[in-house]
Structure formats: C-alpha cells, structure tokens
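Asks: Based on what follows, work out the 3D shape:
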Amino acid sequence: MEEALTVEYLVEKDPRFLWVALEERFNHQKAINLPQGRHDWQNIRFQDFKTVNEYNSEICRIRSLLKFCGEEQRPTYAEYFVAR
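Replies: Numbering: from 1, shown residues only. Got it, this is the predicted structure:
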C-alpha cells in the first residue's frame, strides 16, 4: 500500500473499516474512467498510428479500461481479421 495511505490508516485496527474507507475513497474510478474510455473507443483511428503494433496496443489499453469499468466492447473488424 502507498506509504501516505499506510500512515493515514495506520490507527485502524478493524480490516472491515479499512476496506470501507478505501472503497469510499477510490470507488469513483468508474465514473472518471468510463466516459474517457468510451470517447477513446469511438474516436480511435488506425491512420493515427505509425505501426499496427501501436494501434493494437492502444486498442488493448482502451478495452482493458472499459472492462475495468464493467463494459465490454466487441472487437473491431481489424481485430477480428488479425485474430484469424
């Protein structure tokens, strides 16, 4: 755990309280990341990348972010074609 968080929550003896406190502090990640992930997914263009590897890497990053937020995206035609 981050040192600053360790110091802040050091006095807590009950693991349940610690879990709830950390969840309240960090559980808003979906609200922050989901709109950005959707925007990135809708606006990604193959022509914006120098290599296929860079494009695929960005596709994987966006899909991972959306999956983290509980949203699955179907593979694009390019991903489907490369997978076969």
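Asks: Would you mind measuring from the residue sitting nearest the centre point of the chain to residue 58?
Replies: For the chain, the residue nearest the mean C-alpha position is residue 65 (2.6 Å; Cα atoms, centre = their mean). To residue 58, residue 65 is 11 Å away according to Cβ to Cβ, to the nearest Å. Where you see a C-beta, it was placed from the backbone N, CA and C, and this is true even at glycine.
Asks: Pretty sure residue 41 is one of the things residue 66 touches, is it not?
Replies: Yes - look at residue 66 against residue 41 with Cβ atoms under 8 Å: they come within range, at 6.6 Å.
Asks: Just want to know which of the two has more residues nearby.
Replies: Neighbour count, other Cβ atoms under 10 Å: between residue 66 and residue 41, residue 66 has more, with 19 against 16.
Asks: In CSV, list the C-alpha atoms belonging to the top helix by length along the chain.
Replies: The single longest helix within the chain, with elements called by DSSP state H, is helix 52-68. Provided in CSV are the C-alpha atoms of helix 52-68 (Å, rounded to 0.1, in the frame of the first residue of the first chain):
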residue,chain,number,x,y,z
VAL,A,52,0.0,-1.7,-36.4
ASN,A,53,1.6,-2.7,-33.0
GLU,A,54,1.0,0.8,-31.6
TYR,A,55,-2.7,0.7,-32.8
ASN,A,56,-3.2,-2.8,-31.3
SER,A,57,-1.6,-1.7,-28.0
GLU,A,58,-4.0,1.3,-27.8
ILE,A,59,-7.0,-1.0,-28.6
CYS,A,60,-5.9,-3.3,-25.8
ARG,A,61,-5.5,-0.4,-23.3
ILE,A,62,-8.9,1.0,-24.1
ARG,A,63,-10.6,-2.4,-23.9
SER,A,64,-8.9,-3.1,-20.6
LEU,A,65,-10.1,0.3,-19.2
LEU,A,66,-13.6,-0.4,-20.4
LYS,A,67,-13.5,-3.9,-18.9
PHE,A,68,-12.3,-2.5,-15.6
